[in-house]
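J.: Dropping the sequence and predicted coords here.
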Amino acid sequence: MFRPRTLPFPEFMKQATEGTLPPATYTEKFDGFSWKIQCGKEGKNVYYTKNSKQPIEVPEERKPKNILEAIVLYIESHGPVLTPNDVLYAGEIPAWELNVEFTAYSLADGTMTDDLQLLYHKKCLDPVTGKLDETKFGFRINVFDAKFKEEGEAEYRYWTRLESIRDSIHAVNPASNTYYATELYGADDLLQTLLHSEGVVCHRANGQVFKVKLPRYVMKARLLAVGDTTELDNFHGFNRFIFGVPRANGTWSVIHVSDMKELFTDFDRPKKGKAFIPPQSIKVKDDGLVVCEGKFALQGLMDALHRSASKAKKNPPMKTISDRKVIAAGNMMIKIGQNRNEEMRFKPEDLFLSDEVYVTLGCSGLWALKDDAEVHLQPCMIVGVEKGLYGPKEYAEIDRCTPLETLLRIARDKPDPVEAYRMVGMRTGPFLGMEDAFIEKMTDSKFCTERI
């Protein structure tokens, strides 16, 4: 699968408004589960998830074991089923793999908007049959790319692959729930898509692929604790960063734990085109300040987090009640909800900050969890670190930590991003006041010029 890199939204806007953004083909990013569909025996499809090496079985004579099998059964049960051999490049060369995003939406929602929660939390499963519930929900098979050449060979340009996918789907006429990615044209179209969808994917003429997601919801959170679980010798930094927001009752609720252990310890990540943080880039200065030096994508963020954390006083919790509740310095009760995953539990290595360090977190989706007691950020982005150390200065407009109750109200009422920014205290809005400059610089020459 063509794995896109992430281009942080502020950096995307900066390049766009400076006129330095290379021309590209832009498509709307679907919000679902990613799949690879390959050719099997007798022309039948073989299904893989984005990260799986073993195919997902088609449970034809039994109840699906999980939502992945339920999705495969749904696809196979709604023919005619599109196969890689059906997709022909320039009407001649068959694909050997299709890249598909499977999405779900509520039939009660007239907008038919992709809702990842339905898949992520298995809300769209019929608990009796284990199959996808087609009485309450609709589903789409979205083909966004295809492989025509063998691994290691230079692929055809993206716009020509996309054109071949579109033409093939029209020619084959598969099931009506089969869609393809459509191109975006012009700055206004791009801004509206960023505002109202999961994001956009940009395919540059040189073959680079980036996904750009607008932080549709932002909040000011406190860095509560840091920890090192890397087990690396001579490592002077932290890989765990625990963020929380206050509740009305005076306690603090953990809303996100950023664990970057793999980014520090998996030395094969650069070969796979994935982000990597060289452990030796974390250094201790003579005055005890911990910094991150070097030239790589996450350097700025890592430097800001380590500088802030190293200045703050750090201690183990005053009292450990459980791996989900601690009392930290200043009698702060910090809790992790019972409905949170195992990775968010407190660890013995965690050190709690008695000094205040604030960050701005953002996400594309904000969900209320079980009993409306917690919120989930999907996906969570660290978009600003206090005192201008990292991120656009506009995020400093949020002058106080965002209460959990405000986030729960946003999750419940689902305001548009402009209103959601206002609710947390930002005046410049989601596009950071750059709309006019963006429209001026993102001229037609920035879209689809690879056809010329």
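T.: Sure, I can see it. Values in this document were obtained by computation on a predicted structure and should not be read as measured data.
J.: pLDDT below threshold where in the stretch 351-452 of the chain?
T.: Where the stretch 351-452 of the chain drops to pLDDT under 70, the residues are 371-372, 449-452.
J.: Where do the strands of the stretch 301-450 of the chain begin and end?
T.: 314-315, 319-322, 325-328, 332-335, 351-353, 358-368, 375-385 (DSSP state E, counting those that start in this stretch).
J.: doesn't Ala248 make contact with Pro403?
T.: Yes. Pro403 is within contact range of Ala248, at 6.6 Å (criterion: CB atoms under 8 Å). For every residue, glycine as well, the C-beta is placed using N, CA and C.
J.: When these two are compared, which one has more neighbours?
T.: The neighbour comparison of Pro403 against Ala248 (other CB atoms under 10 Å) goes to Pro403, with 16 against 8.
J.: How about the contacts made by the residue nearest the centre of the chain?
T.: With distances taken as CA atoms, centre = their mean, the residue of the chain nearest its centroid is Pro379 (4.1 Å). Each residue near Pro379 by CB atoms under 8 Å, 6 or more residues apart in numbering is listed here: Lys213, Cys363, Ser364.
J.: And Phe267, by the same measure?
T.: Counting by CB under 8 Å, 6+ apart, Phe267 makes contact with Phe276.
J.: ok, how many other residues are close to Ser52?
T.: 12.
J.: does it sit in a helix or strand, and which one?
T.: For Ser52, there is no enclosing helix or strand under DSSP states H and E.
J.: now the lowest-mean-pLDDT helix or strand in the chain, how far from the chain's geometric center?
T.: Every helix and strand of the chain was ranked by mean pLDDT, DSSP states H and E. The lowest is strand 5-6, at a mean of 85. When C-alpha coordinates are averaged (CA atoms, centre = their mean, to the nearest Å), strand 5-6 and its chain have centres 10 Å apart.
J.: Give me the contact list for it.
T.: With CB under 8 Å, 6+ apart as the test, strand 5-6 has contacts from Gln208, Val209, Phe210, Lys211, Val212, Lys213, Gly273, Ala275, Ala297.
J.: elements contacting the helix or strand following that strand?
T.: Going down the chain from strand 5-6, the next helix or strand is helix 9-18, by DSSP H and E. The contact analysis (3 or more CB pairs under 8 Å, 6 or more residues apart in numbering; DSSP states H and E) places helix 9-18 against strand 375-385, helix 435-441.
J.: so which of these is the most packed in?
T.: Most buried of the helices and strands packed on helix 9-18, by mean neighbour count (mean count of other CB atoms under 10 Å): strand 375-385, with a mean of 21.
J.: can you give me the angle that one makes with strand 358-368?
T.: 160 degrees (axes from the mean of the first three to the mean of the last three CA atoms, to 10 degrees).
J.: chain center to strand 375-385, what's the gap?
T.: 9 Å.
J.: And for stretch 352-369?
T.: Taking mean C-alpha positions (CA atoms, centre = their mean), stretch 352-369 and its chain are 16 Å apart.
J.: May I see the buried residues of that stretch?
T.: Residues 352-353, 357-369 are the ones in stretch 352-369 that count as buried (16 or more other CB atoms under 10 Å).
J.: Then stretch 253-260?
T.: Ser253, Val254, Ile255, His256, Val257, Ser258, Met260.
J.: Distance of the last one relative to Lys271?
T.: According to CB to CB, to the nearest Å, Met260 stands 18 Å off from Lys271.
J.: Repeat that for the second one.
T.: In this structure, Val254 lies at 34 Å from Lys271, with CB to CB as the measure.
J.: do the fourth one as well
T.: Taking CB to CB as the criterion, His256 is separated from Lys271 by 29 Å.
J.: per the record, what domains does the protein have?
T.: Domain ranges of the chain: 1-27+182-214+431-452, 31-180, 217-411, per automatic domain parsing.
J.: ok now the first one, how far from the chain's centre?
T.: Distance of domain 1-27+182-214+431-452 from its chain centroid, counting by CA atoms, centre = their mean, is 17 Å.
J.: Take the helices and strands packed on helix 9-18 and write them to TSV, including distance to Val172.
T.: Below are those laid out as TSV (distance: least, CB to CB, whole Å):
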stretch	distance to Val172
strand 375-385	34
helix 435-441	38
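J.: So, low pLDDT: which residues of this protein?
T.: Applying pLDDT under 70 to the chain picks out residues 1-3, 371-372, 449-452.
J.: For the residue lying farthest from the centre of it, identify the helix or strand it belongs to.
T.: Going by CA atoms, centre = their mean, the residue of the chain most distant from its centre is Asp286, 37.5 Å out. For Asp286, there is no helix or strand it lies in under DSSP H and E.
J.: Next: the one 10 residues further on.
T.: When elements are assigned from DSSP H and E, Phe296 belongs to no helix and no strand.
J.: what's near enough to touch it?
T.: By CB under 8 Å, 6+ apart, Phe296 lies in contact with Ala275, Phe276, Ile277, Pro278, Ser281.
J.: Now, of those residues, which are buried?
T.: Buried among the contacts of Phe296 by 16+ other CB under 10 Å: Phe276, Ile277, Ser281.
J.: Dump these to TSV, plus distance to Tyr390.
T.: Listed next are the buried ones among the contacts of Phe296 as TSV, based on distance: CB to CB, whole Å:
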residue	distance to Tyr390
Phe276	19
Ile277	15
Ser281	15
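J.: Out of those residues, list just those in helices.
T.: Within these, no residue falls in helices by DSSP state H.
J.: List just the nearest of the residues you listed to Met332.
T.: When the buried ones among the contacts of Phe296 are compared for distance to Met332 (CB to CB), Ile277 wins out at 29.2 Å.
J.: Would you agree that closest one is in contact with Asp303?
T.: No. Counting by CB under 8 Å, Ile277 stays clear of Asp303, with 10.7 Å between them.
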